[in-house]
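>>> Requesting a structural model of the entry that follows:
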Amino acid sequence: MPSNCRNHRPAPPRAAATLDRSMLPLWRRIYQEFAARGQRWGLPINVGMTLVHLYLHPDEAEPAHLASANCFPRQTITFVLDALERQKLARREPHPSDRRRKQVVLTAAGRKLGARLFADLLGFEAQALSAIPAGSLDTFRNLVKCYADALARHNAGALPA
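Residues are numbered from 1 along each chain as shown. Okay, the predicted model is just below:
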């Protein structure tokens with residue numbers, strides 16, 4: 001499936017000067033590249049993310065868990081689960097101990113596609129990481145981890161005014 005997610009206008013000059021010092025354009029570009037890669041599988045990005053999550057974490061299979069884990073609104077998870085069911089990749093089943101709740105179970109086809117998609121993303125990432133000199137890769141990972149940890153700490157704090 002062709003992707004047009006990278007077609008956007010440059011930022012206005014005042015914003016561009018600020019963005020030159022920001023990591024946001026880099027994270028957007030990384031997201032866009034992974035989204036473009038995921039589109040090769042013919043799945044919307046949110047459906048692919050949920051499929052991989054269910055493949056890796058079958059124990060976190062309730063719609064509320066899926067919404068939280070993927071940072072999606074609950075109504076988006078309803079759309080995603082409808083899409084997975086239409087393609088016979090997953091099914092909703094009653095919860096074993098609470099009949100008000102549902103859990104999502106991948107079908108054999110869903111597990112197979114989830115495994116292939118996950119392996120493809122790992123290979124895609126490994127190929128890109130090979131551009132970083134071997135002696136610098138651990139440093140790169142540690143720096144990105146520190147940055148991500150700092151973002152998480154800020155997110156756990158008070159909301160912005």
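
>>> tell me which element residue 30 falls in.
Residue 30 belongs to helix 24-39 when assigned by DSSP states H and E.

>>> what comes up buried for that helix?
Neighbour-count burial for helix 24-39, counted by 16 or more other Cβ atoms under 10 Å, picks out 33, 34, 35, 36, 37, 38, 39. All C-beta spots, glycine's among them, are computed from the backbone N, C-alpha and C.

>>> again, but for stretch 123-132
For stretch 123-132, a neighbour-count test (16+ other Cβ under 10 Å) marks residue 124 as buried.

>>> related to what we said a few turns ago, contacts for the helix or strand just after the helix holding residue 30, please.
Counting by DSSP H and E, the next helix or strand C-terminal to helix 24-39 is helix 45-56. If you take Cβ atoms under 8 Å, 6 or more residues apart in numbering as the criterion, helix 45-56 is touched by 35, 38-39, 41, 43, 60-61, 66, 69-70, 72, 76-77, 79-81, 83-84, 89-90, 104, 106, 110-111, 113-115, 117-118, 121.

>>> could you turn stretch 113-124 into CSV, dropping everything but the C-alphas?
Taking Å, rounded to 0.1, in the frame of the first residue of the first chain, the C-alpha atoms of stretch 113-124 are listed here in CSV:
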residue,chain,number,x,y,z
LEU,A,113,0.2,-12.3,11.2
GLY,A,114,1.2,-10.8,14.6
ALA,A,115,4.4,-12.9,14.6
ARG,A,116,5.3,-11.9,11.0
LEU,A,117,4.5,-8.2,11.6
PHE,A,118,6.6,-8.2,14.8
ALA,A,119,9.5,-9.9,13.2
ASP,A,120,9.3,-7.5,10.2
LEU,A,121,9.4,-4.5,12.5
LEU,A,122,12.3,-5.9,14.5
GLY,A,123,14.2,-6.6,11.3
PHE,A,124,13.4,-3.1,10.0
